[in-house]
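> got a sequence here, can you build the structure:
(one chain, ligands or ions: 1)
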Amino acid sequence: MKPMKFVAGLLLGGTLMLGAAATDASAQTAKKLWQLTSGTLTLEKTFLVANHASRGKIITVPVAMYVIEHPRGLVVYDTGMADDVSDGGCDAYWGKGLCSAFPPKQRRDEVIDQQLKKLGYSTDQVKYVIYSHFHLDHAGNIELFPKARHVVQKAEIRHAWWPEKWYAGAFILKDYDDTRKFNFLELSGDYDLFDDGSITILSTRGHTPGHQSLKVRLPKTGTLVLTGDAIYTPENAAGVPPGLTVSLEDSMKSIERLKDIRDASGGDLWYSHNMDQYNSHKHDKPYE
Ligand SMILES: [Zn+2]
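Residues are numbered from 1 along each chain as shown. Below you'll find the model as predicted:
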């Protein structure tokens, strides 16, 4: 009997090892990623691309949000424009100055809670909400997620609450003034969200003092680098400085950093405010 027990023990040991290896492999990518709309903004192109050709050119750009399924939890990257701005509510919420400089268009059914609902999720099912930064078109709906863990650079929270006067305009304190008791994960630099290399937060300051981008690895698509406002458009990636930035030097370093990560990973850069690229992506189905 003894030798048989020994064989059984080996088999059991082998099975356990295989099981552990399979779990690790499946956790090294996220499962699915949706790129969703939070409507559009219309603005002079010089805010995004600081060159002569952009002067006086009025463009309409997408405002994107991302929902990511991972085996260990549901993740949102950026929450778009506040629900209050929907359906012509801008003047009463952002104020007339901002609404005429950057007229938004957003239907209530494009707000993140409704977008999640269309995918079969409630806001309470979201485990992590990650913010590229706290500008009005990226962190507008933080207060719809009281149960989530909110992932943001510590420098961004501090500057959003008390910005320098010259760049205070695009921070709407009302978007986050009820979040002091929220569950924040305050970062100072890069961070591997699930400790498996599948969703990596990249510090890309410049546009704001605590801007962060997101690298997502998917099983079929490969690596996507969601730049946030670190890179608005392909022109910025090609070397034309962004118009709106707190530190141009840091912005240019962050652009180079993201391009290096794209090249090293063989992945794609997904810009924040480029209509051509946005329209070339699918939005009714996830990337897998
Ligand atoms: Zn911004």
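
> what sits against the residue in the chain that the ion sits nearest to?
Using CB to the ion, the single residue of the chain nearest to the ion is His135, 3.5 Å away. From N, CA and C alone the C-beta is placed, and that goes for glycine too. His135 sits next to 170-171, 208, 229 when contact means CB atoms under 8 Å, 6 or more residues apart in numbering.

> please repeat the previous calculation with a cut-off of 6 Å.
His135 makes contacts with Ala170, as judged by CB atoms under 6 Å, 6 or more residues apart in numbering.

> can you tell me the element it falls in?
Remark: His135 resides in no helix or strand, with elements defined by DSSP states H and E.

> state the distance from it to Pro209.
12 Å (CB to CB, to the nearest Å).

> for the stretch 151-288 of the chain, just list every one of the helices.
154-161, 234-237, 248-265, 275-280 (DSSP state H, counting those that start in this stretch).

> dump those to a markdown table, plus distance to Asp113.
Output for the helices of the stretch 151-288 of the chain, formatted as a markdown table (distance: least, CB to CB, whole Å):
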| stretch | distance to Asp113 |
| --- | --- |
| helix 154-161 | 22 |
| helix 234-237 | 31 |
| helix 248-265 | 30 |
| helix 275-280 | 21 |
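
> for those, which one ends up most surrounded?
Compared across the helices of the stretch 151-288 of the chain, helix 234-237 shows the largest average neighbour count, a mean of 20 (mean count of other CB atoms under 10 Å).

> tell me if it is near the ion.
No: using CB under 5 Å from the ion, helix 234-237 never reaches the ion; the gap is at least 12.7 Å.

> which residues does the spatially closest residue to Phe184 that is not a sequence neighbour bridge with?
In space, and not counting its chain neighbours, Phe184 is closest to His150: 4.9 Å by CB to CB, 6 or more residues apart in numbering. Beta-bridge partners for His150, by DSSP bridges, are Val129, Phe184.

> surely His150 is in contact with Val129?
Yes: taking contacts as CB atoms under 6 Å, His150 lies within contact range of Val129: 5.2 Å.

> who has more neighbours, those two?
Val129 (25 against 22; other CB atoms under 10 Å).

> residue contacts, the residue nearest to Phe184?
129, 182, 184.

> try 10 Å
76, 79, 128-131, 139, 142, 157, 176, 179, 182-186 (CB atoms under 10 Å, 6 or more residues apart in numbering).

> buried only: go through those for me.
Taking 16 or more other CB atoms under 10 Å as the criterion, what is buried in the contacts of His150 is 76, 79, 128-131, 139, 142, 157, 176, 179, 182.

> tell me which two in those are the farthest apart.
Val76 and Ile157 (17.5 Å; CB to CB).

> follow-up on the earlier one: quickly list what's touching both of His150 and Val129.
Joint contacts of His150 and Val129 (CB under 10 Å, 6+ apart) are 76, 79, 139, 142, 182, 185.

> okay, Trp161: pLDDT?
You'll see Trp161 listed with a pLDDT of 97.

> what does the model give the closest residue to Leu187 other than its chain neighbours for pLDDT?
Excluding the flanking residues, the one nearest Leu187 by CB to CB, 6+ apart is Gln153, at 5.1 Å. pLDDT, Gln153: 98.

> what sits against the residue nearest the centre of the chain?
Per CA atoms, centre = their mean, the C-alpha nearest to the average position across the chain is that of Tyr77, at 3.3 Å. Counting by CB under 10 Å, 6+ apart, Tyr77 touches 33, 35, 64-68, 128-132, 138, 151, 199, 201, 212-214, 216, 226, 228.

> from Gly239, how far out is it?
26 Å.

> now swap in Met81 and tell me
With CB to CB as the criterion, Met81 and Gly239 are 30 Å apart.

> need the residues of the stretch 151-288 of the chain near the ion, please.
Asp229.

> in the stretch 151-288 of the chain, which spans are strands?
All strands of the stretch 151-288 of the chain, identified by DSSP state E, counting those that start in this stretch, fall at 183-187, 191-192, 199-203, 212-218, 222-226, 268-270.

> how many residues are close by Asp175?
If we define neighbours as other CB under 10 Å, then Asp175 has 24 of them.
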